[in-house]
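K.L.:
Have a look at this prediction, sequence included:
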Amino acid sequence: MKKYFGSILISFLLCNSVNAQGLLDEKAPLFTRQDTLRGSITKERAWWDVKRYHLDIKVNLKDSTITGSNTIKYQVVQEYNSMQIDLQTPMNIYKVTQNGKNLEFKREGNAFFIALKEPQVKGSIKELTVFYGGKPKVAVNPPWDGGITWKKDKNGNPFIASSCQGLGASVWWPNKDHMYDEVDNMLISVNVPANLTNVSNGRLQSVKTLKDGTKTYNWFVANPINNYGVNINIGDYVTFSEKFKGEKGNLDCTYFVLRDNLAKAKKQFQDVPKMLKAFEHWFGPYPFYEDSYKLVEAPYLGMEHQSSVTYGNGYQNGYRGRDLSGTGWGLKFDFIIIHESGHEWFANNITYKDIADMWIHESFTNYSESLFLEYYYGKEAGYTYVRGLRNIIENDKPIIGKYDVNNEGSGDMYPKGANMLHTIRQLVNNDEKWRGILRGLNSTFYHQTVTTKQIEDYLSKQAGIDLSMVFNQYLRDTRIPKLEYTVKNNQLAYRWTNSVTGFNMPVKVTLNGKEELLHPETEWKTIPLTSDNLKVVVDPNFYVTN
């Protein structure tokens, strides 16, 4: 009875959180075993390393179903005989084979546990095939509430696309649906009606016409790719292309748009080479030259699918024609082209291990918008834009989510995260050093999955500044630090309030027209003055209040 009560208590505490005073926070989200199966590295995942997927599917327009198989090549990391493969309801796995033999499996919610018959010898390379099908979840509000979007274009032709970040790629195909283990390479074969085109990731290897008149498009991805970055886009596409002369040579850029939008696309997509030039300057070479760059029109706003970025911004500048910063600078570029392509560096090249660290994707990419502006319009344009984004910060909850349960943090990871990085740039106080840090991130963590700690440690080391308190303040707390000061008896007394314990970030201020770098802490500090007549102006590029 005591053991049973203990398990209930532990389960209760895991599904809730306790605040700093030791009181239960009833507003905390509730997590289930399904969240754990989806969000943690279970023992059924940990023992094998995925090497290659061959996703081979047929998209059935008549009943909105997907049927097919995924052949999984993997390496045994440690001996074990149960493999977790994820596929969300109402999709279903109906057969699994290894070396021609059927394997038994059982389902627990969205996780399938496959019992392997052959010895799984450490270091060996194995392969199995998962056969599946069903009617995948229809996207409700893509890309935020994703799945498969089934629409028609203005001419009545099918217009279909996938989007599944957060929700998970297992909403439409079976895989190891956890970000820590990216597949090394992938073949994506998609069968569609002959009058339509499918565009997926990587390069098109071949198009095969079947006896029934349908066509199968075979796309090969040569680089590691995260699961949600895999996509299908099906429509009545026309295409045009160009070559971008980049840091690693000629980059093939290909554009797929609906037939009626060709003229608009040729004009609007001129932002692509501009984006590539700016981001290669700031972040280093585009990370996927082998797989090319594609921009593909989709029936929703857009998404950072690797080497197959999707676009639905209506061929207009801004975010659906609006400037999110409220400064005017946001109308100088097409938000979706710049933002979603920025994710090729921060999301697809450097990828979070756990979605709780999603800020690594969104903070850097939101910040990249200001760097794009700075490259073409000058530093003050970029600075004004990123400061303007503060108007949409809510400070509702921490930017970092809960680990191991597929939980992302606050949407503030976009504008607040960008302003945190902008603040760190002020601390570095050396533009070329800052650029070197951003480029160094993309070379040091090239094609890797990472944790927040890795990024924090790298930034602190390269900046030569202990930034731990800065990260605690902006990533793990909702308060904006306030510089409190008083002037009395020819002394300036100052400290940080509204901050985490031990917050000690330096801040630039102007004292009677002279720029100074103060080093406030949470306890009062003082400096002498020549008089009590003092005007203090905090540098607006620091995301603080006073």
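P.N.:
That came in fine, so what should we check first?

K.L.:
what about stretch 325-332, distance to the chain center?
P.N.:
Stretch 325-332 has its C-alpha centroid displaced from the chain centroid by 23 Å (Cα atoms, centre = their mean, to the nearest Å).

K.L.:
And stretch 170-183, by the same measure?
P.N.:
The answer for stretch 170-183 is 15 Å, by Cα atoms, centre = their mean.

K.L.:
what do you get for stretch 227-238?
P.N.:
18 Å.

K.L.:
what's the answer for stretch 226-242, then?
P.N.:
Computed by Cα atoms, centre = their mean, the chain-centroid distance of stretch 226-242 equals 18 Å.

K.L.:
pLDDT of it, averaged?
P.N.:
Across stretch 226-242, pLDDT averages out at 98.

K.L.:
Stretch 450-458 too?
P.N.:
98.

K.L.:
what's in contact with it?
P.N.:
350-354, 357, 359-360, 400, 440-441, 444-445, 467-468, 471, 475 (Cβ atoms under 8 Å, 6 or more residues apart in numbering). Every C-beta, even on glycine, is put in place using the N, C-alpha and C of the backbone.

K.L.:
Mark which of the residues you listed are buried, thanks.
P.N.:
350-354, 357, 359-360, 400, 440-441, 445, 467, 471, 475 (16 or more other Cβ atoms under 10 Å).

K.L.:
Which of the residues you listed fall within helices?
P.N.:
Mapping these onto helices (DSSP state H) picks out 359, 360, 440, 441, 471, 475.

K.L.:
what's the farthest-apart pair in those residues?
P.N.:
Taking Cβ to Cβ as the measure, those span a maximum distance of 20.4 Å, between 440 and 475.

K.L.:
what number of residues lie near residue 54?
P.N.:
When neighbours are counted by other Cβ atoms under 10 Å, residue 54 registers 18.

K.L.:
Mind checking what secondary structure it has?
P.N.:
On the three-state scheme (DSSP: H, G, I helix; E, B strand; the rest coil), residue 54 is labelled strand.

K.L.:
Who are the contact partners of it?
P.N.:
Per Cβ under 8 Å, 6+ apart, neighbours of residue 54: 70, 71, 186, 187, 189.

K.L.:
Same check on residue 174?
P.N.:
Contacts of residue 174 by Cβ under 8 Å, 6+ apart are 70, 85, 86, 87, 91, 93, 112, 130, 132.

K.L.:
I figured the fifth one was touching residue 147, is that so?
P.N.:
No. Shown here, residue 91 and residue 147 do not form a contact pair, counting by Cβ atoms under 8 Å, at 10.5 Å.

K.L.:
any common contacting residues for those two?
P.N.:
136, 171, 172.

K.L.:
export those to CSV and tack on distance to residue 460, pLDDT and neighbour count?
P.N.:
Listed next are the shared contacts of residue 91 and residue 147 as CSV, based on distance: Cβ to Cβ, whole Å; pLDDT from 0 to 100; neighbours: other Cβ atoms under 10 Å:
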residue, distance to residue 460, pLDDT, neighbour count
136, 43, 98, 24
171, 37, 98, 23
172, 40, 98, 28
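
K.L.:
so can I have TSV of those showing distance to residue 56?
P.N.:
Listed next are the shared contacts of residue 91 and residue 147 as TSV, based on distance: Cβ to Cβ, whole Å:
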residue	distance to residue 56
136	16
171	18
172	14
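
K.L.:
The residues you listed in strands, which ones?
P.N.:
Among the shared contacts of residue 91 and residue 147, no residue falls in strands (DSSP state E).

K.L.:
what's the closest of the residues you listed to residue 406?
P.N.:
Among those, and counting by Cβ to Cβ, the member closest to residue 406 is residue 171, at 12.4 Å.

K.L.:
my guess is the closest one meets residue 147, correct?
P.N.:
Yes. Using Cβ under 8 Å, residue 171 is in contact with residue 147, at 5.3 Å.

K.L.:
Give me the common contacts of those two.
P.N.:
Common neighbours of residue 171 and residue 147 (Cβ under 8 Å, 6+ apart) are 136, 137, 164.

K.L.:
taking those residues one by one, which sit in helices?
P.N.:
Reading helices off those, I find no matches (DSSP H).

K.L.:
give me every residue that touches residue 176.
P.N.:
Each residue near residue 176 by Cβ under 8 Å, 6+ apart is listed here: 45, 48, 50, 72, 84, 85, 86, 227.

K.L.:
what about the third one, helix or strand, and which?
P.N.:
Using DSSP states H and E, the element containing residue 50 is strand 48-60.

K.L.:
residues near the nearest residue to residue 329 once chain neighbours are set aside, how many?
P.N.:
Nearest residue to residue 329, sequence neighbours excluded (Cβ to Cβ, 6 or more residues apart in numbering): residue 385, at 4.2 Å. Counted with other Cβ under 10 Å, residues neighbouring residue 385 total 28.

K.L.:
circling back to that earlier point, in TSV: the contacts of residue 174, plus distance to residue 41, secondary structure and pLDDT.
P.N.:
Formatted as TSV, the contacts of residue 174 follow (distance: Cβ to Cβ, whole Å; DSSP: H, G, I helix; E, B strand; the rest coil; pLDDT from 0 to 100):
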residue	distance to residue 41	secondary structure	pLDDT
70	20	strand	98
85	14	strand	98
86	13	strand	98
87	18	coil	98
91	23	coil	98
93	21	strand	98
112	17	strand	98
130	20	strand	98
132	23	strand	98
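
K.L.:
any idea which of these is the one closest to residue 542?
P.N.:
Proximity of the contacts of residue 174 to residue 542 (Cβ to Cβ) peaks at residue 86, which lies at 43.2 Å.

K.L.:
how far away is that closest one from residue 206?
P.N.:
29 Å (Cβ to Cβ, to the nearest Å).

K.L.:
picking that back up, kindly indicate which of the shared contacts of residue 91 and residue 147 lies nearest residue 320.
P.N.:
Distances from residue 320 to those, taken by Cβ to Cβ, are shortest for residue 171, at 25.0 Å.

K.L.:
Would you check that residue 218 makes contact with residue 204?
P.N.:
Yes. Between residue 218 and residue 204 there is a contact under Cβ under 8 Å: 7.2 Å.

K.L.:
Give the residue from those two that has the larger number of neighbours.
P.N.:
Neighbours were counted for residue 218 and for residue 204 using other Cβ under 10 Å; residue 218 has more, 19 against 16.

K.L.:
Which element, helix or strand, includes that one?
P.N.:
Secondary structure assigned from DSSP H and E places residue 218 in strand 215-221.

K.L.:
Contacts for the next helix or strand after that strand, please.
P.N.:
For strand 215-221, the following helix or strand on the C-terminal side (DSSP H and E) is strand 233-235. Surrounding strand 233-235, the residues in contact under the criterion Cβ under 8 Å, 6+ apart are 59, 153, 157-162, 190, 192, 196-200, 256, 258, 296-298, 308, 310.

K.L.:
cool, and stretch 350-360?
P.N.:
39, 166, 179-180, 182, 226, 346, 361, 399-404, 406-409, 413, 417, 441-442, 445, 448-452, 455, 475.

K.L.:
again, only using 6 Å
P.N.:
Contact with stretch 350-360 is made by 179-180, 226, 399-403, 406-408, 413, 417, 445, 449-452, 455, as judged by Cβ atoms under 6 Å, 6 or more residues apart in numbering.
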